[in-house]
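Asker: Predicted structure and sequence below. I'll ask about it afterward.
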Amino acid sequence: MCDNKRMSSNILVAWPFGIMCVSDRRLVGLLSGTIRTNRLTKMTIFGCADAHGVIVYNGIGMDDEGQTPSEWLLDLAEKQHLFDLPLADVLDGIKADLEARLRGLRTTYGAEKARHTFVFTVWHRDESVLYGLSNYERVDSREEAKEGSETVVLSERRPTPAQRLRIIATGAHPRSADVPPIIEAIKAGELNRARALAVKAVKNVSYGKKKAKGSVGASCQWAFVGPNRDDVWSGLDVVGGAIAMETPNLINIGTKVPPMGDLFAFFGGPGMIVRDTCAGDERARAGSQYEIASKTTTFPEPRCGICGAPLPASHQFCEVCLYDKTLNRPAIHS
């Protein structure tokens, strides 16, 4: 059965000089309510013929074939070469693919469960723009429909003279008090602080009413993307610290990943597709396996011996067990 339990928390910011995205990594079973994984990659950085940017999503966590929405995008890139085309064609292609997938899920599980949103934060014609593809919400409105419609609608949010900096949240929304500090940090040019505050906002969602065991995880992937395609940074922010870096998925673009200090590693590039990448020491790589058929690498995620939650090999400690210790502390950078 498909997993769809408002399973993400995403924060996206676009301003005249950059775009930033932060997304949690948890997948929770719809029927069981248990955490299936704490290392699901929900973020894709892409380049196409006339644009580049970041895609995140909320809604469907995994379909009946065991594919995640991130894998839907990778399929479109690998099998249809969709991301070789201009942005308008990319949006049209993903819209058509999403409508077809949701049609089947709607028939099987009903309109309330067949809801999904892809959000694009992109550089297009030297302008940072937010686009949404959804059958129940828009990026230019706060309204949400209880049921997913049969049609996926494209919405957009462009800069205006009165609002050049735009910030939106999709999925489980952060506390209203956590948003203004992110905006203030960006206006002050304090981008690392803005990222830390955005990660903390998602962490506060995770460590809210559900007390660390809900559908939103406390550890996040993040991306900064400038107007030039070689100005892309991404990484992993783990509660309790990380022993490895895991990049978002990459389509036709590369990213710099800062493992420590002023050093950085570079992954991907034009014409390349990179998925589920983990860079770390032997503890992080031990037990990893490459599947030839799916062209994916699986990394170990044993259950925590205390609480039973999945504990990715990239994490030093269990993010669920650290709930009481980290709730009121600043975000920890990896």
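Answerer: Structure's in. What do you need?
Asker: mind listing what's buried in stretch 197-216?
Answerer: Neighbour-count burial for stretch 197-216 flags 197-207, 212-216 (criterion: 16 or more other C-beta atoms under 10 Å). From N, CA and C alone the C-beta is placed, and that goes for glycine too.
Asker: if we take these, which one ends up nearest to Val232?
Answerer: For these, the residue nearest Val232 by C-beta to C-beta is Ala198; the value is 17.0 Å.
Asker: For Leu236, see how far away that closest one is.
Answerer: In this view, Ala198 and Leu236 are 14 Å apart by C-beta to C-beta, to the nearest Å.
Asker: shared neighbours of these two, which are they?
Answerer: Common contacts of Ala198 and Leu236 (C-beta atoms under 8 Å, 6 or more residues apart in numbering): Trp222.
Asker: related to what we said a few turns ago, among the buried residues of stretch 197-216, which ones are in helices?
Answerer: 197-206 (DSSP state H).
Asker: Backbone dihedrals for Glu78, please?
Answerer: Main-chain dihedrals, Glu78, degrees, to the nearest 10: phi -80, psi -40.
Asker: Contacts only, for the nearest residue to it once chain neighbours are set aside.
Answerer: Distance criterion C-beta to C-beta, 6 or more residues apart in numbering; nearest residue to Glu78, sequence neighbours excluded, is Ile273 at 6.2 Å. Listed by C-beta under 8 Å, 6+ apart, the contact partners of Ile273 are 74, 77-78, 249-252.
Asker: that older thread, widest-spaced pair of the buried residues of stretch 197-216?
Answerer: Greatest spacing in these, by C-beta to C-beta: Leu197 and Lys213 (24.0 Å).
Asker: the helices in the stretch 201-334 of the chain, which residues?
Answerer: Under the criterion DSSP state H, counting those that start in this stretch, the stretch 201-334 of the chain contains helices at 282-285, 323-326.
Asker: Comparing those by mean pLDDT, which bottoms out?
Answerer: Ranked by mean pLDDT, the helices of the stretch 201-334 of the chain bottom out at helix 282-285, which scores a mean of 62.
Asker: Arg195 and Cys220 touch, don't they?
Answerer: No - contact criterion C-beta atoms under 8 Å: Arg195 and Cys220 do not qualify, at 9.2 Å.
Asker: ok, these two, which is more surrounded?
Answerer: More crowded of Arg195 and Cys220, by other C-beta atoms under 10 Å: Cys220, with 31 against 27.
Asker: which residues does the more buried one contact?
Answerer: Counted by C-beta under 8 Å, 6+ apart, Cys220 has contacts 22-25, 199, 202-203, 236-237.
Asker: same question, Tyr57
Answerer: By C-beta under 8 Å, 6+ apart, the residues touching Tyr57 are 8, 10, 42, 69-70, 116-119.
Asker: Ser8 versus that one, what's the distance?
Answerer: For Tyr57 relative to Ser8 (C-beta to C-beta), the value is 7 Å.
Asker: hmm, back to that, overlap of the contact sets of Arg195 and Cys220?
Answerer: Counting by C-beta under 8 Å, 6+ apart, the residues touching both Arg195 and Cys220 are 22, 237.
Asker: hey, what's Asn58 bridged with?
Answerer: Thr117 (DSSP bridges).
Asker: Flag every buried residue along stretch 99-118.
Answerer: For stretch 99-118, by 16+ other C-beta under 10 Å, it's 99, 101-102, 105-106, 109, 111, 113-118.
Asker: wait, which of the residues you listed is closest to Ala242?
Answerer: For Ala242, the nearest member of the buried residues of stretch 99-118 is Phe118. The distance, counting by C-beta to C-beta, is 26.9 Å.
Asker: thought the closest one was touching Ile55?
Answerer: Yes - between Phe118 and Ile55 a contact is recorded at 5.9 Å, counting by C-beta under 8 Å.
Asker: Where does the prediction get shaky in the protein?
Answerer: Residue ranges of the chain with pLDDT under 70: 1-6, 30-31, 210, 259-263, 280-297, 324-334.
Asker: which element is the nearest residue to Gln67 once chain neighbours are set aside on?
Answerer: Nearest non-adjacent residue to Gln67, counting by C-beta to C-beta, 6+ apart: Asp75, 7.7 Å away. Using DSSP states H and E, Asp75 sits in helix 69-79.
Asker: hmm, back to that, who does the residue nearest to Glu78 form a beta bridge with?
Answerer: Beta-bridge pairing for Ile273 (DSSP bridges): Ile251.
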